[in-house]
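1. coords please:
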Amino acid sequence: MEFRIGTGFDIHRLEEGIPLVLGGVEIEYNRGFKAHSDGDIFFHALTDALLGAVGFGDIGSLFPDNDPKWKDADSSLFLKKAVDIVKRSNFEIVNVDSYIILEKPKILPYRDRIIENTAKILQIDKNRVFLKGKTYEKLDSIGRGDAGIAHVVVLLKREVEK
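-> Numbers count the residues shown, from 1 in each chain. This next block holds a predicted model:
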C-alpha cells in the first residue's frame, strides 16, 4: 500500500457585493471573496491538496487566474478535475481534514451542508470529510474580517503491486 499526503492553503480578501461561497454552498453574508473565479477558498485549498498529493502541480497551473475562461467559474469544476486526476493516478481519497478561518460569519450552521457537498464531489462517505471553523481572534486582516483562509490536508492511498 502506498500513502500520500497533500496540503492546500488559500486566502482571499472579502468585499461587499460578492456572494460568499464555501464548499460550493452559498453562505448568507454581505461580503464574499474577491477572486477570478467564485473565490471558494475551501475548494481551492482542497484542489491544491489533491493535486499536490499526486504530484500534479497546483490549481494555478491548471486553471490560471489570467485566463478569461475561468472568470467567475464555479470552483467545484476545479475540484472535480482534481478528483479525476487522483482517480486516474489510481489513488483513493482516505480522508480530508480542514479549517476555514473567518472572523464572520460562523461556519457551524453551514458545516454539514459543506461536508455533504464536498463528500459528494469527492465520491466518498461524508464521515471521511471534516471541517473546522475558526476565528483569528481579532488579529491581523483575518481577525478584522477583511479576508478568509482555508487549510486542508488530504490522505490518499493506492494498492502497490509486489
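2. every contact and neighbour count from this point should use C-alpha atoms.
-> Noted.
3. pLDDT below threshold where in this structure?
-> 63-64, 66-73 (pLDDT under 70).
4. can you give me the strands in it?
-> 2-16, 20-22, 25-27, 31-33, 92-101, 129-134, 147-158 (DSSP state E).
5. quick one: strands adjacent to the longest one?
-> By that I understand strand 2-16. strand 31-33 (antiparallel), strand 147-158 (antiparallel) (DSSP bridges).
6. over to the third one?
-> Applying DSSP bridges to the sheet, strand 25-27 is found paired with strand 20-22 (antiparallel).
7. so how far is the strand it pairs with from its chain's centroid?
-> Mean-position distance between strand 20-22 and its chain equals 11 Å (Cα atoms, centre = their mean, to the nearest Å).
8. can you give the contact residues for it?
-> Strand 20-22 has contacts (Cα atoms under 8 Å, 6 or more residues apart in numbering) with 26-33, 38-43, 114.
9. just the endpoints, please. Distance across stretch 99-116?
-> 16 Å (Cα to Cα, to the nearest Å).
10. try stretch 18-33
-> Start-to-end, stretch 18-33 (Cα to Cα) is 7 Å.
11. tell me how far it is from the chain's mean position?
-> Going by Cα atoms, centre = their mean, where stretch 18-33 is centred and where its chain is centred differ by 13 Å.
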